[in-house]
Structures are given as C-alpha cells and as structure tokens.
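Student: Below is the structure, and that's it, no one-letter string:
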C-alpha cells in the first residue's frame, strides 16, 4: 500500500481546494511556468510535465494552443550501497504509474511543513533563508522557481527491494521571455548527500514519457551524442541531446521536443587534462593554482565574468553516458534493473549498450532515460545537473534528420548556460523586473534602423549585435550614460542577410531583441 501514498496525498490536496487543486497544498505541490512560449508543470516531489491532477500531461507549446509534449518526467538517482553492495535507485517519475519516491522539504522536515512549497518569482519569493540557507534570494530569469525535496521517508518508497538513499535535491527552474530562448525551460538540480556516509558509483538521470501524439503512436525518439551541423552557412555543434518528434502529416501543429544535458557531474581525474587546457584536472577547481600558475588573461576564457575555477562550463564533465529506451512491457521496475539502465546496460540481457540511437519502427509506446555517471558523492557534498527542455516546430514538410529543427534553439540554450545565464535579469525593491523598453524600428530592415531604449539608472551601457551562433559581430556602443530615453542609429553595412540578436546591457538589466536584416 505504501506505493499509493503519493497518489493519496495528491487526492487530499485536491479535496482541500477544488479550485486550485494541488497548488494550494502544503505538501505535494504543482505549479506552472508560463512566462514564455513553453507552459510546463513542475513539482516539489521530483516530477515535471504532469498536470495538477497528477494523472494527465503537463507541457504545452506554443503556449495557448493546447498541444501537449510531455505525459510525465522526473529525476532518477542511483548508487551502490558501500556496505551491502545493494543497488539503490530513487525515482521521481515511474513511467508505468507516475510514481515518485521523493517528498517535499529537507530531511526530517514534515512534508506538511508550511515552508516546504514551491517558491515562484515574484510571489511567493524568495524562500526563507533561516529555513533554506541554500535557496537563491535574487531572481535570474523572468520567472524563477525554487523548491527542495528528499528521498529519506521510507513510507514513500515502493514496496520490494528499494529503500532511501538519503539525498536532498534543490531544484531551480528558469524561464526567459527572450527571442533566442523563449522556447526553452531550464532546470537545475543540486543533489546533496545527507546519508552520513560516502555514496559510490552514482548515476543521475531523467526519465521521460514525451507523448506528443500519444494516441496515434506516430512519434519516434533518439539521441545525439555529438554531431556537427551546417545551417544557413553557420556551424553548430550539438551534443547530449535526447529528442522526440512526430511524423503525423495530418497534424502539422505537432513539433519536436528535446532534453539537453547542459551540465553534468565533473569528470576530473588526478594527473589528467581531459579538456586539454593545460590545467591538470585536479586543479580545475582550485583558485590558488590559477593565481600561482595561470596568466591573468586565461582566468576567464569565455569572458562571461565568472572565473574558470567557478565556471562549470569550463571544466570536464561526464556528459550523457547513456540513452536507454523502454516500453511499459519492458520497463525496469526494480532497483537493480533501474540501476543497470542508468549505467547503460540492457537490464534483460546484461549487455552494455549505452546508446539506443537506432530509430525503432513506428508504433511503439516508447519512453526513454538519459543519464550521467558514474561518480562518487561524499558526505554533505553536492553535485549539479542542468537540463534544458526545448521545443521546436518540426513542420508538415520537414525531412530527416528531425533534430535539425532543434539545433539553433538548442545552441542558444547551451550558450545561455555556458555564459553564466547571460540574459539574466536583476531586481529592484518589491522584486519588480527592470524594463528598458528596448525597441528596434524598422524591423526587418535593409541597412538603417533605429534602436530606442530608456535608462532608469545612470551607469555603464553597452549595445552589441550577435549572430545566431553567439558570435559578436558588431559593438555598437560602450559608454557611461545618464538616466533618460535614447535613440541610437544602427547601420548594418557589411553584414549579410539573416537574423541577429541585439543585446543591451545596462547597470540594472540585460535585454535582447531579434533583428532581421534584408538585402
């Protein structure tokens, strides 16, 4: 009966407030991110892409059209018990029944604790620091959310061979209403070991049932480990991306959805230099080594303002180490089977088959798991995984490879993360997002256009133009400016036809607009 405790808890929530459903419950809670083109449900118990009832789909794109792309998804974490040798896996989403073994809050915190909720900017925000000292206090995107959950309550683990690993997970979700990334939801999981002993041979992953055309079964999924694309004369390198698309010509409104590991646990080995940057792996995170051995001009190689020893994107990572498909008839249902799947094995045959990238025949109701590992997690240590959920229009006339429709958006999602949330926002009193009213007119344009914006605070201002692969192509201005309204003439002589992104950075805000040049 224990495995039904989660469902029972959600039913209680719905009864408590039939108008708002689980959102009102101080236990298992679901909210929607809806600031950009992606509307997606998130929870404080390890699942996402499930609606308020806990039974139906919960990710729609473009916002308002009712087309769903996820029937359910959630985090998985596995380890080998160093004492007994048992394989333990805690799941945030079980494809066969939507099960979750996580509960809201920190270890030893009652799930009904009034603070064990989802905090979403601007209200309620931020989480109280006296209860959650690890919680962010300032927003990064236009719609941040934060919550925490843990697997320490054995009552919520499914009957059989499973028991708690004893981890806490701090989940932060970001969404921007910006042209380059308004089809993306970003999710960061910080996993802390609160078991009291070191965790060995760990894996972390995401299990996904992304039924974009569930009833027709006319969808397929696969993964890109690493691939190079040339689109409109530009080169893109895409990796660590699992995706699904629909080939139903009778419903051209159905697109493609991708899940990209933007960051995984570090792959650092004593004496090695896995990213060939001249810095031994054991010193990649050591600021004193940089101070004594690395020239100052190499402390921030991507010029994102974050020194490389604190910049995860500049350190070797494990990346996607497995992409495994399964169906309801062949779902890994026990911890040993789930652990083998996380580690890239066929749990039925025992064969090591890390990447199921051969596209299966149509008609299968296929789910998949992407994972990264192995790694060790010491007592009270934290590892981070960052995921981008990406939507794109596949189109009725699209031809394989299907992932090409995701490439440019996926590139911008990776760039946004690698540049330390470049298009971040900052806050003023009362948590109001600062606006610069950035306007480009005319747009599209041939050679000359006018850029208008306003400043609420004097200070250093920069205006730069980037191409679609994130390269700076023109620095328009860089100077100290006073408060007020401004009109800047922009001449694009020498630039080729295409789409660009204009980025304005002021003392209290960053904003961008797409710019189309016609010739």
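Tutor: Looks like it came in fine. None of these values were measured; they are calculated from a predicted model.
Student: what's the next secondary structure element after the lengthiest helix in the chain?
Tutor: Looking across the chain with DSSP state H, the single longest helix is helix 404-418. Next helix or strand after helix 404-418 toward the C-terminus (DSSP states H and E): strand 439-441.
Student: From the rest of the structure, what touches that next one?
Tutor: If you take Cβ atoms under 8 Å, 6 or more residues apart in numbering as the criterion, strand 439-441 is touched by 449-453, 490, 502, 513, 515. Backbone N, C-alpha and C define where each C-beta goes, glycine included.
Student: Now, of those residues, which are buried?
Tutor: Buried members of the contacts of strand 439-441, counted by 16 or more other Cβ atoms under 10 Å: 449, 451, 453, 490, 502, 513, 515.
Student: list the buried ones in the helix or strand encompassing residue 239?
Tutor: Per DSSP H and E: residue 239 is located in strand 234-246. Buried residues in strand 234-246, counted by 16+ other Cβ under 10 Å: 234, 236, 238-246.
Student: Would you format those residues as CSV with pLDDT included?
Tutor: CSV is the format used below for those (pLDDT from 0 to 100):
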residue, pLDDT
234, 77
236, 86
238, 93
239, 95
240, 96
241, 96
242, 95
243, 92
244, 88
245, 81
246, 72
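Student: Show me the strands in the stretch 1-150 of the chain, by range?
Tutor: 30-33, 39-43, 47-48, 59-60, 72-80, 87-91, 103-104, 119-120, 145-150 (DSSP state E, counting those that start in this stretch).
Student: I meant the stretch 151-300 of the chain, not that one.
Tutor: So, for the stretch 151-300 of the chain - with DSSP E, counting those that start in this stretch - the strands run 167-174, 184-193, 199-209, 219-231, 234-246, 256-263.
Student: For those strands, give me a markdown table that also has distance to residue 312.
Tutor: Below are those laid out as a markdown table (distance: least, Cβ to Cβ, whole Å):
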| stretch | distance to residue 312 |
| --- | --- |
| strand 167-174 | 14 |
| strand 184-193 | 10 |
| strand 199-209 | 14 |
| strand 219-231 | 19 |
| strand 234-246 | 14 |
| strand 256-263 | 5 |
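Student: wait, which of those is closest to residue 160?
Tutor: For the strands of the stretch 151-300 of the chain, proximity to residue 160 was assessed by Cβ to Cβ; strand 199-209 is nearest, at 17.7 Å.
Student: List just the nearest of the buried ones among the contacts of strand 439-441 to residue 194.
Tutor: Closest approach to residue 194 among the buried ones among the contacts of strand 439-441 (Cβ to Cβ): residue 513, at 44.4 Å.
Student: Using a markdown table, lay out the contacts of strand 439-441 together with pLDDT, distance to residue 333 and secondary structure.
Tutor: A markdown table is the format used below for those (pLDDT from 0 to 100; distance: Cβ to Cβ, whole Å; DSSP: H, G, I helix; E, B strand; the rest coil):
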| residue | pLDDT | distance to residue 333 | secondary structure |
| --- | --- | --- | --- |
| 449 | 89 | 59 | strand |
| 450 | 90 | 62 | strand |
| 451 | 91 | 57 | strand |
| 452 | 90 | 59 | strand |
| 453 | 88 | 56 | strand |
| 490 | 89 | 59 | strand |
| 502 | 85 | 51 | strand |
| 513 | 76 | 49 | strand |
| 515 | 79 | 52 | strand |
